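[1] 3D model of this:
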Amino acid sequence: MSNKLEGKVALVTGSGRGIGRAIALKLASEGARVVVNDLDPGPAAEVVEAIRDAGGDAVACIGSVTAPDFAERFVGTAVETYRALDIIVNNAGYTWDSVVQKMTDEQWYAMIDVHLTAPFRILRAAQPVIRDQARADAEAGRRIVRKVVNISSVAGLFGNAGQTNYSAAKAGITGMTMTLAKEWGRMNTTVNCVAYGFIKTRLTEAAAGANATANIEGREIKVGVNPDLLAMMERSIPLGRGGTPEEAANAVYLFCIPESDYVSGQTLICSGGLTGI
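    Okay, here's the model as predicted:
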């Protein structure tokens, strides 16, 4: 453990499972205090317990990132519990695929809401907190760099058949990233983005052949990838395999450490070398 994030306070959405869980554990292992979020209390509590068992500090903020009051609750949890806010990782999300002629308005707005509107609200709620911290830093003669890492996808960079909604939302988050990098630089805050390729999680590997679904906000969403398609996808990746959640978390970590303090407005592709779909 290098403790490069010692004393930092990190918000990580969707961190009860999968990539988000790995991100929360990684940041905590480097000394960050983490506000863990999930739709369900059980997974969030498990991650909080794992962090505390390892000697770290974490607290849970349960709820959907798409709820109108979530952003204020989430940011408020960090401020009330730890009196600071240093890192924001907008990770929560899922896919709900269909070709465009069969895609419903509900499918469209569900992806826009979770992948684009939710991060917007969280960052809007966080701005006054980060602004006030930056002013206090300046008055005290210290320079502290804070970090925002948004999560996109290669689908948002290159498109992907059957994912008009998801691709559009993930393309939008890269635009938000570049804009806020320009707005927030004066607050010594970097804003970057990680675009994932194929990462192995429950949403991609769950019993695809058995019509598996996941209940997400009361909707039964089909999950999993056909095994034959999965094998073909992995063959198309230059490194020959899908990534692990831990490898995905490491890409986010790169944008959180001091070594990236002068990197902002960038999108890092974490895809094993895959540059298109």
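[2] got a list of what G93 touches?
    Neighbouring residues of G93 by CB atoms under 8 Å, 6 or more residues apart in numbering: G14, V114, H115, I151. All C-beta spots, glycine's among them, are computed from the backbone N, C-alpha and C.
[3] So which of those is surrounded by the most neighbours?
    Comparing the contacts of G93 on neighbour count, H115 comes out first with 29 neighbours (neighbours: other CB atoms under 10 Å).
[4] residues in contact with the host helix or strand of I19?
    For I19, the host element (DSSP states H and E) is helix 18-29. Under the contact criterion CB under 8 Å, 6+ apart, helix 18-29 has outside partners 1, 5, 8, 10, 12-15, 34, 36-38, 43, 47, 50-51, 54, 56-58, 87, 89, 91-92, 151, 196, 199, 201-203, 244-246, 248-250, 252-253, 256.
[5] what's near enough to touch the most centrally placed residue in the chain?
    Central residue of the chain (CA atoms, centre = their mean): N91, 1.5 Å from the mean position. Contacts for N91 (CB under 8 Å, 6+ apart) come out as V12, T13, G14, S15, I19, G20, I23, I151, V252.
[6] Please work out the angle formed by the directions of the strand or helix carrying the last one and helix 18-29.
    Element membership of V252 [criterion: DSSP H and E] is helix 245-256. When axes from the mean of the first three to the mean of the last three CA atoms, to 10 degrees is applied, the directions of helix 245-256 and helix 18-29 differ by 50 degrees.
[7] in this protein, which spans are strands?
    Secondary structure of the chain, counting by DSSP state E: strands at 9-12, 33-38, 58-62, 87-90, 146-153, 189-196, 213-216, 219-222, 267-270.
[8] for the record, mean pLDDT for the fifth one?
    Think strand 146-153. Strand 146-153 carries an average pLDDT of 98.
[9] Tell me what angle it forms with strand 189-196.
    Going by the same axes, to 10 degrees, strand 146-153 makes 20 degrees with strand 189-196.
[10] Number the chain from 39, please
    Let's use 39 as the start, then, which means that last one is strand 184-191.
[11] List of residues touching strand 184-191?
    Contact with strand 184-191 is made by 57, 123-129, 131, 157, 161, 168, 171-172, 204-205, 208-209, 211-212, 214-215, 218, 222, 225-235, 290, 293-294, 298, 305, as judged by CB under 8 Å, 6+ apart.
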